[in-house]
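Enquirer: I would like to see how this sequence folds:
(chains A and B)
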Amino acid sequence: MTMRAILVSFCCIAQVGCIAVLGQAWAGSSTSDIMSVLPPVVKDTTKAADCTVTYLVTDVMTNDMIAVRMQIAPDPNDVAVNNLMPCPPDIPPRLASRVLDACTKRAADPKHCVFADMIRDFEKQPKVDNTAENYSRCASDKATDIGVACWRSGTLEVCDVGCGNSPGRAVAAAVTRCEAKQQRQCPLTGSLPVLAPR
Amino acid sequence: MRWFLSRPVLSGCLLVSLIPMGLIPMGLIRTAAAETKRIFTIPPMQWDHSMSRDRPAQILGQSDLANLTGGIVFGLSPSEVNAKLPTPTPGVEWAGLPFASEYPDEVRYFWVRFDAARQPRDGIDGCVGANSYVVFLFRDRALFRVSWRLLPDNACPSTHAAAADIYARYLAIDGGVVLTTHYLAGKAEAVEITDPNVDYLVPYRWANRQRR
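Expert: Residues are numbered from 1 along each chain as shown, chains lettered A, B, ... in the order given. Below is the predicted model:
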């Protein structure tokens, strides 16, 4: 055995010893970590996204428009398509009611809260009965973006909603719907992704 | 081109993309200027598959609020809130605070000028008016509401953009730990964050004496 081989053997033995000692130290410190600090939450971003139904609601007094995202747990038998879980075909009224709550609990007057898809002449009677709940939402298995287009009647913004597979298409769908319903140009536009950031 | 001119109403987004390219001759079509509509977001809700029950999809806590307010959280006493301000006011104690008359209960408050609060200016692009201020409201010696009151003046005729920026900032953590509201009070804009556990005091609002 050469001198070089002897030195290499000593180094290996020393490294194993160090690892063993450090391993013991780590094992000791991990106990106190568990006692004092919660483990980090690791989210699996490669998992198929739950169905998300995103609504737009508005306070007609402030014109504040809020996007309310409702994530719905999948059925165990559901199968993801394009990494998206399917959405239920029917949305119960209680879900829409909770959506409106998101606005009413923040508004100076709950009566000021409406869905963002409004009928023609909404400005004459700006109340929730003159809005369409089912057109104020987009589902993640059908569209990536929700768009809105509005015109101003004095200080009130009168709007309609559209869904699409890009921000531009969602806005274009909203503009088309707004111009058809309202018979006016709808130059005030916006959009946002249906899915919440992960 | 003929297709566009034959349409009685053009879509706003198409106009946005075509006008800069010079495809629509000036004077032929009158169009409203395109603007961007701001959409606020709140944390998502998680429903079970039968859509019978919901809960917040994200767990947010007092530390999330403290990160935005510079350590001011609900439940602090007047002197504790005062101590967290960049320049504390001497002698702020519960017993010496005035009553907030808009509330049915014993609610006391103190206020500081907007620029004196630890409100980071980052992300607030709009002007706020020189007389804008922040009010800290207490019940049972504990902070339950912070109210930003943005008053316009000649240099800042509208505080709406700044109010929207503050509103968006706190809506991001809205849920179990904070309730964020925005409303008009006369010419002023008010944005408030409230402890959701104060239940019956939540609907009470600032009554601005300087009406529109």
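Enquirer: contacting residues around the longest helix anywhere in chain B?
Expert: Longest helix in chain B by number of residues (criterion: DSSP state H): helix B:160-171. Contacts to helix B:160-171, defined as C-beta atoms under 8 Å, 6 or more residues apart in numbering or on different chains, come from residues A:64, A:66, B:38, B:40-42, B:68, B:119, B:123-128, B:148, B:150, B:178, B:180, B:182, B:189-191, B:193. Any C-beta I mention is one placed from the backbone N, CA and C, and that applies to glycine too.
Enquirer: pLDDT on it, on average?
Expert: The average pLDDT within helix B:160-171 is 93.
Enquirer: now do the domain split for the chain, please.
Expert: Chain wasn't specified; assuming chain A. As assigned by automatic domain parsing, chain A contains the domains A:1-38, A:51-193.
Enquirer: nope, chain B
Expert: Annotated domains of chain B cover B:1-35, B:45-201 [automatic domain parsing].
Enquirer: most neighbours per residue, which of these?
Expert: Counting by mean count of other C-beta atoms under 10 Å in any protein chain shown, domain B:45-201 has the highest mean neighbour count of the domains of chain B, with a mean of 17.
Enquirer: how far does that one sit from its chain's centre?
Expert: Its chain's C-alpha centre and that of domain B:45-201 lie 8 Å apart, by C-alpha atoms, centre = their mean, to the nearest Å.
Enquirer: quote the end-to-end distance of it.
Expert: Distance between the two ends of domain B:45-201: 25 Å, counting by C-alpha to C-alpha, to the nearest Å.
Enquirer: what does stretch A:132-140 give?
Expert: Its start and end residues considered, stretch A:132-140 measures 19 Å (C-alpha to C-alpha).
Enquirer: now do stretch A:152-168
Expert: With C-alpha to C-alpha as the measure, the ends of stretch A:152-168 fall 21 Å from one another.
Enquirer: before we move on, what about stretch B:128-147?
Expert: Across stretch B:128-147, the terminal residues are separated by 14 Å (C-alpha to C-alpha).
Enquirer: before we move on, what about stretch B:108-126?
Expert: End-to-end distance for stretch B:108-126: 30 Å, by C-alpha to C-alpha.
Enquirer: and it, what's its mean pLDDT?
Expert: Stretch B:108-126 comes out with an average pLDDT of 79.
Enquirer: distance check, B:R139 against chain A.
Expert: 19 Å (C-beta to the nearest C-beta, to the nearest Å).
Enquirer: nearest residue to that residue in space, please, no chain neighbours.
Expert: Distances taken as C-beta to C-beta, 6 or more residues apart in numbering or on different chains put B:V107 closest to B:R139, at 5.2 Å, once the chain neighbours are dropped.
Enquirer: quickly, which of the domains of chain B bottoms out on average pLDDT?
Expert: Lowest mean pLDDT within these: domain B:1-35, at a mean of 42.
Enquirer: mind listing what the closest residue in space to B:R108 that isn't next to it in sequence touches?
Expert: Spatial nearest neighbour of B:R108, excluding adjacent residues (C-beta to C-beta, 6+ apart): B:L97 at 3.8 Å. Counting by C-beta under 8 Å, 6+ apart, B:L97 makes contact with B:78, B:108-110, B:138.
Enquirer: now do 10 Å
Expert: Taking C-beta atoms under 10 Å, 6 or more residues apart in numbering or on different chains, we find B:L97 in contact with B:78, B:107-110, B:136-138, B:141.
Enquirer: repeat that for A:A196.
Expert: Shown in contact with A:A196 (C-beta under 10 Å, 6+ apart): A:49-50, A:52, A:54, A:67, A:69, A:71, A:140, B:41-44, B:57-58.
Enquirer: what about the nearest residue to B:T89 once chain neighbours are set aside, distance to B:I59?
Expert: Leaving aside its chain neighbours, B:T89 sits nearest to B:N82 (5.9 Å; criterion: C-beta to C-beta, 6+ apart). Counting by C-beta to C-beta, to the nearest Å, the separation of B:N82 from B:I59 is 30 Å.
Enquirer: doesn't B:L85 belong to a helix?
Expert: No - counting by DSSP: H, G, I helix; E, B strand; the rest coil, B:L85 is not found in a helix; it is coil.
Enquirer: and it, how far from B:E106?
Expert: The gap separating B:L85 from B:E106 is 23 Å, by C-beta to C-beta.
Enquirer: find the residue at the geometric middle of chain B.
Expert: Nearest residue to the geometric centre of chain B (C-alpha atoms, centre = their mean): B:Y167, 2.5 Å.
Enquirer: hmm, which of the contacts of A:A196 is lowest in pLDDT?
Expert: Ranked by pLDDT, the contacts of A:A196 bottom out at B:Q58 (84).
Enquirer: that one and A:R198 touch, don't they?
Expert: No - B:Q58 lies out of contact with A:R198 (C-beta atoms under 10 Å); the separation is 11.0 Å.
Enquirer: state the next helix or strand along the chain beyond the helix or strand bottoming out on mean pLDDT in chain A.
Expert: Each helix and strand of chain A was given a mean pLDDT (mean pLDDT, DSSP states H and E); the minimum falls on helix A:3-36 at a mean of 44. Next helix or strand after helix A:3-36 toward the C-terminus (DSSP states H and E): strand A:51-59.
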